[in-house]
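Sequence below, structure please.
(chains A and B)
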Amino acid sequence: MSDNRIEGYARALFEIARAEGNIDTVEAELYQLARAFESSDALRSKLTDDQIPAARRQAIVEDLIGATAANTTVQLVSLVIGSGRGRDLPAIVDKLVRRASSSKHLEVAEVRSAVPLTAEQQSRLAATLTSVTGKQINLKVVVDPSVLGGLVATVGDTVIDGSVRTRLDNVKSRL
Amino acid sequence: MNLTSLIAVDPAQSPHWLFPEPAEIIYGGIASLIIFAALWKFALPAFKKALGARTERIQKELDASANDLSKAQADATQIRQALGDIESEKARLLADAKAQADALLADGRNRLTAEIAELEAKADADIAAAAARGSDELRNEIGRLAGVATDRVIASVLDDSTQQALVENFIAKVGASR
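Numbering: from 1, shown residues only, chains lettered A, B, ... in the order given. Okay, the predicted model is just below:
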């Protein structure tokens, strides 16, 4: 899908969530769903399979997150999947998150960790990244076992990599 | 009566057994002359004409035979010459064919030798490449297995406290870098 179309979907979803008054919740839930969508081949293949009717794909979404996510989140994801734009869901959500952060003058910082971070760790990490980058941070933590240990923080174009995976890869390449 | 007695008979005696009467001789001579003249007048030209025609016909036949003979001799000469040409052409064709066959054979041998050499070189290169590829694949596989093993070992080593320590270390290092 073209950038303009992705941008259009992101803007539309953002405006709906903001109109519903729960942009923070929707943004956070969509972000987690987008990462799960990226990491799960089975989920991605189900939600992007054109042979499966749109209604069936939307039912899968509702079964998956209907009980835990906000109704607006479910409806927005269902809208994207039903319109056959499932493949672009992560890109749409990323643009929505950046747009939501920009509206609050925040910079999105994606942090990949092998284990979940506590709220206190997230708070300290956000403060640290704010002091390092000089920007207010909207922290998004993604649990990614492939990191093995440590963290990888991405703020805009800056990547701060303290993961065991990268150190291990460096050792392997040196060997 | 014997012959002597017959000759001894008087010719004037009539009728003589041998000599005719004078009138008979005259009339007979005149009739003979008339017949002879008629023959001279009428039969001789026809005879001469028939003889000439026959002579001419025989001459023509002789000429035709001579022509046929010379033509046959010419044909024979030509045939003999043609036979000679055929023999020489046959010999030349055989020589050409032999030369071409020799050239083809030599060319075929050369090409075969070159192809064998090329195939041998290619086989050697393939064997070397396969050996190198096998070695590379083995090395890559060992590397991959070592990577997987390393990941598993490290994942088993990284317990929760180590994970938390890594997180805290990251926050501290990033904070210290400002």
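
can we go C-alpha only for contacts and neighbour counts from here?
Will do.

Spell out which parts of chain A neighbour chain B.
By the criterion of CA under 8 Å from any CA of the partner chain, the positions of chain A lying close to chain B are A:114-115, A:124-125, A:128-129, A:131-132, A:148-151, A:162, A:172.

and A:Cys160, what element?
Careful, residue A:160 is Ile and not Cys. strand A:158-163 (DSSP states H and E).

So what's the gap between that strand and the chain middle?
Mean C-alpha position of strand A:158-163 versus that of the full chain (CA atoms, centre = their mean, to the nearest Å) differs by 18 Å.

thinking again about what came up before, so can I have CSV of the residues of chain A next to chain B showing secondary structure and pLDDT?
CSV is the format used below for the residues of chain A next to chain B (DSSP: H, G, I helix; E, B strand; the rest coil; pLDDT from 0 to 100):
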residue, secondary structure, pLDDT
A:Ala114, coil, 90
A:Val115, coil, 91
A:Arg124, helix, 93
A:Leu125, helix, 93
A:Thr128, helix, 92
A:Leu129, helix, 92
A:Ser131, helix, 91
A:Val132, helix, 89
A:Leu148, coil, 89
A:Gly149, coil, 90
A:Gly150, strand, 90
A:Leu151, strand, 93
A:Gly162, strand, 90
A:Lys172, helix, 78
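
Excluding chain neighbours, give the residue nearest to B:Ile171 in space.
Excluding the flanking residues, the one nearest B:Ile171 by CA to CA, 6 or more residues apart in numbering or on different chains is A:Leu125, at 5.9 Å.

Chain B: helices as residue ranges?
Taking DSSP state H as the test, the helices found in chain B are B:3-7, B:22-38, B:44-157, B:160-176.

avg pLDDT for the longest one?
Think helix B:44-157. Mean pLDDT, computed over helix B:44-157, is 90.

Quickly check: it near chain A or not.
Yes - Helix B:44-157 comes into contact with chain A (CA under 8 Å from any CA), by way of B:147, B:151, B:154-155.

coming back round to it: ranking the helices of chain B by burial, who's on top?
Per-stretch averages of neighbours, counted by mean count of other CA atoms under 10 Å in any protein chain shown, single out helix B:160-176 among the helices of chain B, with a mean of 16.

Next, the distance between the ends of stretch A:133-144.
Stretch A:133-144 has its terminal residues 24 Å apart, counting by CA to CA, to the nearest Å.

Distance from the chain centre to that stretch, please.
Chain-centre distance of stretch A:133-144: 11 Å, with CA atoms, centre = their mean.

Also stretch A:158-165?
If you compare the mean C-alpha spot of stretch A:158-165 with that of the full chain, they lie 18 Å apart, counting by CA atoms, centre = their mean.

Just the buried residues of it, please?
Of the residues in stretch A:158-165, those buried by neighbour count under the rule 16 or more other CA atoms under 10 Å in any protein chain shown are A:161-165.

thinking again about what came up before, from what I see, the residue nearest to B:Ile171 and B:Lys173 are in contact.
No - in this structure A:Leu125 lies outside contact range of B:Lys173 using CA atoms under 8 Å: 10.9 Å.

Domain map for chain A?
Annotated domains of chain A cover A:3-101, A:105-174 [automatic domain parsing].
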